[in-house]
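Colleague: Here is my input; please provide its structure:
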Amino acid sequence: MRQTGGVIRNYTAIVLKAVPYAEGGAVVSFLSEQGERMCGVAKGVKKPTAKWVAAFEPLGMVRVSFFGKEHVELKRVTRCELAFSPLTLGHLESSLVMACLADLFDRVAREGVEDDRLYRLLSACGRALKADPDNALGILAYAEHWLLHCMGLLPHPRVCGRCGNDQAPLVLLSPEVGWCCAACTPVDPREALPPGSRDFLRQLRTQGAETAPRVDPDDEAQRVITALLRARLLQELGGGLRSYEVLWKSL
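Modeller: Below you'll find the predicted structure:
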């Protein structure tokens, strides 16, 4: 379908963020089904009478159309139809985690670069949030782990990166060789990873988003590994995200 001076292209995508733009509009970023970050201007979306405002909620799965010339970087959104939303009304924790996920994927995905693993991961997390909003924090930790993997920053925990041992407890994550075990890496017990760290990492790798480990305040390995991976991811993305600050202040 063509209009004078431009082309309309249709995509299946996930909404990431909508940033206010001139005259009640918004610049909306999406994650395409191919895993590419795309942006477009949606005019009038912030007006109370806008018919499609609900389609731009974070993590909504949509059919979106862009109109513009090939060389124009910011095209116009002409249609956005909501197919699925993970939003659970009245569930604060799930809504806050949705904002965190949108922030993360908006930073990780790249325009002009396709990585369909990102789309599969985010869509799985969105459906898991809808099915089990009470496990929102567990799903967030699951997504953080796999984002690091997609970025090539997380070695496999099955074997020690230094000696190849697959049984000894893991004691630290080395930037040079990956996960290191107690058999070859002397570490002050007060600074070592807690017992059970390897098992928790195995759960994150082998379970799907819908069965992501639930947050257990008494599980030290889960708490330490989650904090370690989260800090690594946020560091790689250039520091703290506003959505995370809101999450911790609200819970």
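
Colleague: so is Gly40 in a helix, a strand, or just coil?
Modeller: The assignment at Gly40 comes out as strand when based on DSSP: H, G, I helix; E, B strand; the rest coil.

Colleague: pLDDT at it, what is it?
Modeller: On the pLDDT scale, Gly40 is placed at 93.

Colleague: Check which residues of whichever strand or helix holds Leu228 are buried.
Modeller: Using DSSP states H and E, Leu228 maps to helix 220-236. By 16 or more other C-beta atoms under 10 Å, the buried positions in helix 220-236 come out as 221-226, 229-230, 232-234. All C-beta atoms are positioned from the backbone trio N, CA, C, and that covers glycine.

Colleague: how much space between Met151 and Gln235?
Modeller: 12 Å (C-beta to C-beta, to the nearest Å).

Colleague: Of the buried residues of helix 220-236, which is the nearest to Glu114?
Modeller: Leu233 (21.1 Å; C-beta to C-beta).

Colleague: Name the SS class of Pro58, please.
Modeller: Following three-state DSSP, Pro58 is assigned to coil.

Colleague: show me what contacts the nearest residue to it once chain neighbours are set aside?
Modeller: Spatial nearest neighbour of Pro58, excluding adjacent residues (C-beta to C-beta, 6 or more residues apart in numbering): Ala102 at 3.8 Å. Counting by C-beta atoms under 8 Å, 6 or more residues apart in numbering, Ala102 touches 15-17, 58-59, 243.

Colleague: before we move on, the earlier item: which is the next helix or strand following the helix holding Leu228?
Modeller: helix 242-250.

Colleague: how near is the residue nearest to Pro58 to Thr226?
Modeller: Relative to Thr226, and taking C-beta to C-beta, Ala102 is found at 20 Å.

Colleague: still on that earlier bit, is it possible to export the buried residues of helix 220-236 to CSV including distance to Leu170?
Modeller: Converted to CSV, the buried residues of helix 220-236 look like this (distance: C-beta to C-beta, whole Å):
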residue, distance to Leu170
Ala221, 9
Gln222, 14
Arg223, 15
Val224, 11
Ile225, 9
Thr226, 15
Leu229, 13
Arg230, 17
Arg232, 15
Leu233, 19
Leu234, 22
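
Colleague: Give me the pLDDT value at the nearest residue to Glu81 once chain neighbours are set aside.
Modeller: Of all residues not flanking Glu81 in the chain, Arg63 sits nearest, at 4.7 Å (C-beta to C-beta, 6+ apart). For Arg63, the pLDDT comes out at 95.

Colleague: Could you do Glu23 as well?
Modeller: Confidence score, pLDDT, at Glu23: 76.

Colleague: Would you check that it makes contact with Gly44?
Modeller: Yes - using C-beta atoms under 8 Å, Glu23 makes contact with Gly44 at a distance of 7.4 Å.

Colleague: Output the contacting helices and strands for whichever strand or helix holds Arg79.
Modeller: Applying DSSP H and E as the criterion places Arg79 in strand 75-84. Other elements packing on strand 75-84 under the criterion 3 or more C-beta pairs under 8 Å, 6 or more residues apart in numbering; DSSP states H and E are strand 6-21, strand 37-42, strand 61-68, helix 116-131.
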